[in-house]
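Participant: sharing a model that was predicted from the sequence below.
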Amino acid sequence: MGGGARPACIPKSALTEIREPGRRYAAASARQHRRGHRPRTVRRQAGARRVEPRETKKPFAKWPSQAMRWWRATSRKPSATRERILAEALERFGRVDLLINNAGVGYYRNSIEAESEEIRALWELNFFAPLELARLVVPRMLAQQRLADAEEAGMVVNVSSIAGKVTLPWFTMYSASKYALCSWTEGLRMEYWAKGIRTLAVCPGYVKTEFQANVLTGAPPAPLAASKERFAITPEACAKAICRGIARNKRTVVTPASNWALVAAARLLPGLLERRLARINGSA
């Protein structure tokens, strides 16, 4: 949904930071690959910064451990971590024109039987962490001088889920948090439209990451667990879809695109779809 040219405010060096397990480096790598660059690492020695090519044979081998360290740090010391992230971005790039929030954790438990503490932890990471980071970064976007010929002051990309478009009964609390994220993404765009802030909601289906291994509790229904691999996409495919959405100034990206059919079914045939999902969940 939506369209248009690539936002002029997004330079080639724009910060792309993804923090959900398995996806942190996917977007950065896809963007570099599209532009013909090799992935690079930054090393500091004696106060100087030295940029060296990184081994590209297995560029994503360390995703889980690295991404989980970011997730734990952000969860435990949120304010300090967010301020550090912004400071590091400004130190490296001098400005921030693009913010990608990809915080997320799963939760397979009936909403009435769920523990209140677990629900609050879910919302803290899935919704409040992106909200607070944007509240820190957007004022910086508005205060800095716009790039030449740029109509936009910056862009906020929030990675939600297909569960933020279609409620999944085995994922009710997760769906609620991702619906909220989508709604806030739309509202933020309208709130700051005249000031040049654009937003993008990304709604992927199953992605082949460590996400399932790091849910707060529970597991998907057996019929779903047995079939979901057939519909899963790779982190690289997800990253490319995000990059295309940014380049085209989209409002919403659903990936794979075939999941738009599920969104349409939820709007046009809600009763039929709800019965089908309830059967998969074993609650019908």
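Facilitator: Looks like it came in fine. Residues are numbered from 1 along each chain as shown.
Participant: do you know how far Arg120 is from Met173?
Facilitator: Arg120 sits 10 Å away from Met173, going by CB to CB, to the nearest Å. For every residue, glycine as well, the C-beta is placed using N, CA and C.
Participant: please apply the same query to Leu142.
Facilitator: For Leu142, the distance to Met173 - CB to CB - is 33 Å.
Participant: have a look at those two and say which one is more surrounded.
Facilitator: Neighbour totals were compared for Leu142 and Met173, and Met173 leads with 20 against 14 (other CB atoms under 10 Å).
Participant: what about that one, which helix or strand?
Facilitator: helix 172-191 (DSSP states H and E).
Participant: immediately after that helix, which helix or strand?
Facilitator: Past helix 172-191, the next helix or strand by DSSP H and E is strand 197-204.
Participant: which element, helix or strand, includes the residue lying closest to Arg198 once chain neighbours are set aside?
Facilitator: Among residues not flanking Arg198 along the chain, Met155 sits closest, at 4.7 Å (CB to CB, 6 or more residues apart in numbering). Secondary structure from DSSP H and E places Met155 in strand 154-159.
Participant: now that strand: mean pLDDT?
Facilitator: In this model, strand 154-159 has a mean pLDDT of 97.
Participant: now for it, which elements pack on it?
Facilitator: Contact here means 3 or more CB pairs under 8 Å, 6 or more residues apart in numbering; DSSP states H and E; on that basis strand 154-159 packs against strand 98-101, helix 129-143, helix 172-191, strand 197-204, helix 235-247.
Participant: number of residues surrounding Glu152?
Facilitator: 18.
Participant: residue numbering should commence at 709 henceforth.
Facilitator: Sounds good: first residue 709 from here, last item Glu860.
Participant: any idea how far Gln853 is from it?
Facilitator: Look at Glu860 and Gln853: by CB to CB, they are 13 Å apart.
Participant: just Trp901 next, same as before
Facilitator: 20 Å.
Participant: between these two, which has more neighbouring residues?
Facilitator: Trp901 (11 against 8).
Participant: does Val962 touch Ala974 like I think?
Facilitator: No. Contact criterion CB atoms under 8 Å: Val962 and Ala974 do not qualify, at 11.9 Å.
Participant: and the two? which has more neighbours close in?
Facilitator: Of the pair Val962 and Ala974, Val962 is the one with more neighbours under other CB under 10 Å, namely 24 against 16.
Participant: element containing the more buried one, please.
Facilitator: Per DSSP H and E, Val962 falls inside strand 960-963.
Participant: give the partner strands of that strand in its sheet and their orientations.
Facilitator: Looking at strand 960-963 with DSSP bridges, its partner strands are strand 905-912 (parallel).
Participant: please save the CA atoms from the strand it pairs with in CSV.
Facilitator: Output in CSV follows, covering the C-alpha atoms of strand 905-912 (Å, rounded to 0.1, in the frame of the first residue of the first chain):
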residue,chain,number,x,y,z
ILE,A,905,8.3,12.3,9.0
ARG,A,906,7.3,9.2,7.0
THR,A,907,6.6,5.8,8.4
LEU,A,908,6.5,2.2,7.2
ALA,A,909,4.8,-0.8,8.8
VAL,A,910,6.4,-4.1,7.8
CYS,A,911,4.3,-7.3,8.3
PRO,A,912,6.2,-10.5,7.6
